[in-house]
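S.K.: sequence and predicted structure are below.
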Amino acid sequence: MEPPQQQIKRTQKNRGFYVRMKLLQHKHGRPHEKSCFFRYYKWLLWLSLTLYFFSPYLITTTTNTNTNDNKNPTFLSKTRVVSASSRALIEFTGSDSQSHILQQTHDQQGLLSSLKDLKIYVYDLPPKYNTDWLNNERCSNHLFASEVAIHRALLTSDVRTFDPYEADLFFVPIYVSCNFSTVNGFPAIGHARSLLSSAVNLISSEYPFWNRTLGSDHVFVASHDFGACFHTMENVAIADGIPGFLKKSIILQTFGVKGKHPCQDVENVVIPPYVSPESVRTTLQRAPANGGRDIFAFFRGKMEVHPKNVSGRFYSKRVRTAIWRKYGGDGRFYLQRHRFAGYQSEIVRSVFCLCPLGWAPWSPRLVESVVLGCVPVIIADDIRLPFPEAVRWAEISLTVAERDVGKLGMIMEHVASTNLTAIQKNLMDPTVRRALLFNNQIEQGDATWQVLSALANKLDRSYRRSMASSQ
Ligand SMILES: *[C@@H]1O[C@H](CO)[C@@H](O)[C@H](O)[C@H]1NC(C)=O
Ligand SMILES: *[C@@H]1O[C@H](CO)[C@@H](O)[C@H](O)[C@H]1NC(C)=O
Ligand SMILES: *[C@@H]1O[C@H](CO)[C@@H](O)[C@H](O)[C@H]1NC(C)=O
Ligand SMILES: *[C@@H]1O[C@H](CO)[C@@H](O)[C@H](O)[C@H]1NC(C)=O
């Protein structure tokens, strides 16, 4: 039944130690880096073996000589370097109470221990569900492209298993946002539900895994406006609701609000919108070296002077209209209503970047501002932001209530004269930027990594583990 390639992969599955080592490395495809990595890897292996044999000595001496052992710099820096192998060490030493010292260092770093040996099976669906759509180049680059990026990253990741019987979770790769047409000027993803339901029919009839849990260990991406409701207009999204066949599954979605909402009434993880890491790198390379930010407040995008009343709803709840009307002529504000491909070069020149709601509360501006070092000014009441454990949003952004949009100028001036420097400093933290970008191959701490880390907290849904623990 299995293609030969998959059988080969299976024989590798017990090499957990090696796999863990690999997971901790940044996996750039560039060849010279690769050879460098392997040299480093050998060294790591040597060091970890040494540490393995001498660890009881090391640990006892450090605890004896320094009661404040967690702060001992030489010991800590050593365990950092060998963090992957010391994880294996912990497993060797088992219940040894001294292993707690090592364990703590890991939890602080939030590294591999958080993935709990998560194993994901990625369904190999016919191309009409995914890769066919890539003929349209926009498909893998637009703001909804996390559905493509997560799939790609999983295919080469070490959490992927080729044996569905040892999987904790099942990833169903469907690109529903590629065919993002505009019907009468409004965005439409009308085909999404039928595409999804056809894929679910396929996997539930051809594989036994869907039926045994009714999909509760299956993972889908819903990266457009109202997530699991698969519609771009909130009223229609709510009326349609989440497709019945998805209600038990895990949805990775850009949409998130605090409190109840029919479109997040499902197990979910809020993910950032997709911004191409290459475009960010290019923008940063081209940015002036001294990084002067000569624009005080920046916004480029749709700003209707007279928003249409679409079944009782106005675009951006008229927030963008209010901004345009009040600050359109204000010299501190650089507001542009037309598309411009080079807008990222404007973000690197800006101090504050406005991130008002559109049809949905979230926008790609949230990510673009952060990764380009512009303080995001979030104007979207009750928005639930991605990866709150990795990104402390309150420390890197400014939140303005929708009803206070008329005081925007005053609020920003106040921050500029008080804590702007502190916010900008927090924003420079590379771990924050990394957490919001999806790379084609997983990098430690990047957006796909954060997704996996969130999924690792849902292992109670793993059929395999529940079977193992009930025996
Ligand atoms: C793309 O979406 C539109 C509207 O939702 C739909 O009519 C069309 O059939 C879709 N195209 C394909 C190739 O599925
Ligand atoms: C799963 O359940 C559906 C509906 O009951 C059924 O049609 C399908 O054949 C089942 N799949 C398997 C693999 O048994
Ligand atoms: C918007 O349209 C709805 C009906 O679609 C109507 O009930 C409501 O009064 C309109 N609101 C405004 C401010 O025009
Ligand atoms: C900066 O000041 C504003 C307004 O006084 C406050 O709301 C915000 O929490 C402060 N942010 C930081 C990171 O100190």
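M.R.: Great, that's in hand. Ligands and ions are numbered 1, 2, ... in the order given.

S.K.: please report phi then psi for V122.
M.R.: Main-chain torsions, V122, degrees, to the nearest 10: phi -100, psi 120.

S.K.: the closest residue to it other than its chain neighbours: how many residues sit nearby?
M.R.: Closest residue to V122 apart from its sequence neighbours, by C-beta to C-beta, 6 or more residues apart in numbering: F171 at 4.7 Å. Placement of C-beta: from N, CA and C, glycine included. Counted with other C-beta atoms under 10 Å, residues neighbouring F171 total 22.

S.K.: ok, now the one 4 residues further on?
M.R.: A count of nearby residues for Y175, using other C-beta under 10 Å, gives 24.

S.K.: how much space between it and Y123?
M.R.: For Y175, the distance to Y123 equals 13 Å [C-beta to C-beta, to the nearest Å].

S.K.: also E368?
M.R.: For E368, the distance to Y123 - C-beta to C-beta - is 32 Å.

S.K.: which one's more surrounded, those two?
M.R.: Legend: neighbour count by other C-beta under 10 Å for E368 and Y123, higher for E368 (24 against 20).

S.K.: which SS state does the more buried one fall under?
M.R.: helix (DSSP: H, G, I helix; E, B strand; the rest coil).

S.K.: quick one, what contacts it?
M.R.: V275, V280, Q344, I347, C353, C374 (C-beta atoms under 8 Å, 6 or more residues apart in numbering).

S.K.: same thing with S198?
M.R.: For S198, the contact set (C-beta under 8 Å, 6+ apart) comprises Y129.

S.K.: wait, is it part of a helix?
M.R.: Yes. If the criterion is three-state DSSP, then S198 is within a helix.

S.K.: pLDDT below threshold where in this structure?
M.R.: 1-114, 181-188, 291, 471 (pLDDT under 70).

S.K.: bridging residues for the residue in the stretch 151-300 of the chain positioned nearest to ligand 4?
M.R.: Per C-beta to the nearest ligand atom, A297 is where the stretch 151-300 of the chain lies closest to ligand 4, at 15.5 Å. Listed by DSSP bridges, the beta-bridge partners for A297 are F333, F352.

S.K.: so it makes contact with F333?
M.R.: Yes. Using C-beta atoms under 8 Å, A297 is in contact with F333, at 4.7 Å.

S.K.: list residues touching both of these two?
M.R.: Shared contacts of A297 and F333, defined by C-beta under 8 Å, 6+ apart, comprise Y327, G409.

S.K.: circling back to that earlier point, looking at the contacts of E368, spot the one nearest ligand 2.
M.R.: The nearest member of those to ligand 2, counting by C-beta to the nearest ligand atom, is V275 at 38.8 Å.

S.K.: that closest one: what's it in contact with?
M.R.: Counting by C-beta under 8 Å, 6+ apart, V275 touches L143, P364, V367, E368, V371, L436, L437.

S.K.: quick one: the helices in the stretch 351-471 of the chain?
M.R.: For the stretch 351-471 of the chain, applying DSSP state H, counting those that start in this stretch gives helices covering 365-371, 393-396, 408-417, 420-427, 430-435, 447-455, 463-470.

S.K.: hmm, E166 is touching R464, no?
M.R.: Yes. Here E166 reaches R464: they are 6.4 Å apart, a contact under C-beta under 8 Å.

S.K.: gap between V367 and ligand 2?
M.R.: According to C-beta to the nearest ligand atom, to the nearest Å, V367 stands 39 Å off from ligand 2.

S.K.: now do the same contact list for that residue.
M.R.: P272, P273, V275, L436, L437.

S.K.: which of those lies closest to M303?
M.R.: Set against M303, the nearest of the contacts of V367 by C-beta to C-beta is P273 (19.2 Å).
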